[in-house]
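Peer 1: here is my input, please return the structure:
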Amino acid sequence: MVAKAGDKAQRLLTGHPAQAASPVSVQPDAEPFWQFSLALYPALQHTLLQLQDDYQANINLLLWLAFQAQQPGPAVGALQQALAPTHQQFTAPLRQLRRQAAQQGLLSLKQTLLAAELQAERQEQQALLACYQTWLATGAPDPTVDMGREASSTVRSEPGTDWQDMRQYLTELQVPATLQQSLLFDLDQVLSQLSAASR
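Peer 2: Model prediction:
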């Protein structure tokens, strides 16, 4: 039986299986999330960049949804709101400038902009972590309780149920089902390989 993605990520990061999901779970630390991202990104780079360029997907949000697949957490909409200021003010403009510098052959400037873009990416990850910590601090509402329409914007589904949060986000971006399936298959494969390598 294939272990679920969050359990794989947990084993990759700590060498131990993930604990049962609960609002009092150990909070993810920013550095393990960054290291998880660095381990996962190279294997999925082509697909992630395609999703970013063709569908305006936020790669950090995709990585977060993979990292936290087995834990309850804030809804995708709340995560998107947490990312928006840094992404709109810094990450996206820096990416655009870096690409322009590359097109014009300004390699030194491109490298400087790339370093700044990576720092903005880390700030986005800090925003995701802060959103999660706020969600925990506010009592981490039980996602199984029907709290009406407003609750759906702040509480996400049960963790790790067939990549439900990832599918929801990709569907909102109008990513074709075939590309979604390809990403999720590749994600499962990479997480399995990383988990096996960490044993």
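
Peer 1: going forward, measure contacts and count neighbours with C-alpha atoms only.
Peer 2: Fine.

Peer 1: for this structure, what spans make up the helices?
Peer 2: 5-14, 30-55, 59-67, 76-86, 92-103, 107-137, 164-172, 177-198 (DSSP state H).

Peer 1: just want the angle from the fourth one to helix 107-137.
Peer 2: Spelled out, that is helix 76-86. 140 degrees (axes from the mean of the first three to the mean of the last three C-alpha atoms, to 10 degrees).

Peer 1: from the chain's centroid, how far away is helix 76-86?
Peer 2: 11 Å (C-alpha atoms, centre = their mean, to the nearest Å).

Peer 1: got the buried residues for it?
Peer 2: Buried residues in helix 76-86, counted by 16 or more other C-alpha atoms under 10 Å: V76, A78, L79, Q80, A82, L83, T86.

Peer 1: turn the helices of the chain into JSON lines, including mean pLDDT.
Peer 2: Shown next, in JSON lines, are these (pLDDT from 0 to 100):
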{"stretch": "helix 5-14", "mean pLDDT": "43"}
{"stretch": "helix 30-55", "mean pLDDT": "93"}
{"stretch": "helix 59-67", "mean pLDDT": "94"}
{"stretch": "helix 76-86", "mean pLDDT": "95"}
{"stretch": "helix 92-103", "mean pLDDT": "97"}
{"stretch": "helix 107-137", "mean pLDDT": "95"}
{"stretch": "helix 164-172", "mean pLDDT": "93"}
{"stretch": "helix 177-198", "mean pLDDT": "89"}
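
Peer 1: tell me, how many residues neighbour the closest residue to A39 other than its chain neighbours?
Peer 2: For A39, ignoring the flanking residues on the chain, the nearest one in space by C-alpha to C-alpha, 6 or more residues apart in numbering is L194 at 7.9 Å. Neighbours of L194 under the rule other C-alpha atoms under 10 Å: 19.

Peer 1: from D186, how far off is L194?
Peer 2: As judged by C-alpha to C-alpha, to the nearest Å, L194 and D186 stand 12 Å apart.

Peer 1: same thing with Q50?
Peer 2: 14 Å.

Peer 1: W135 reaches P72, doesn't it?
Peer 2: No. Judged on C-alpha atoms under 8 Å, W135 makes no contact with P72 at a distance of 9.9 Å.

Peer 1: and those two? Which one has more around it.
Peer 2: Taking other C-alpha under 10 Å, W135 and P72 do not tie; P72 has more neighbours (25 against 20).

Peer 1: what does the more buried one show for phi and psi?
Peer 2: phi -70, psi 160 (degrees, to the nearest 10).

Peer 1: can you give me the distance of it to L136?
Peer 2: 10 Å.
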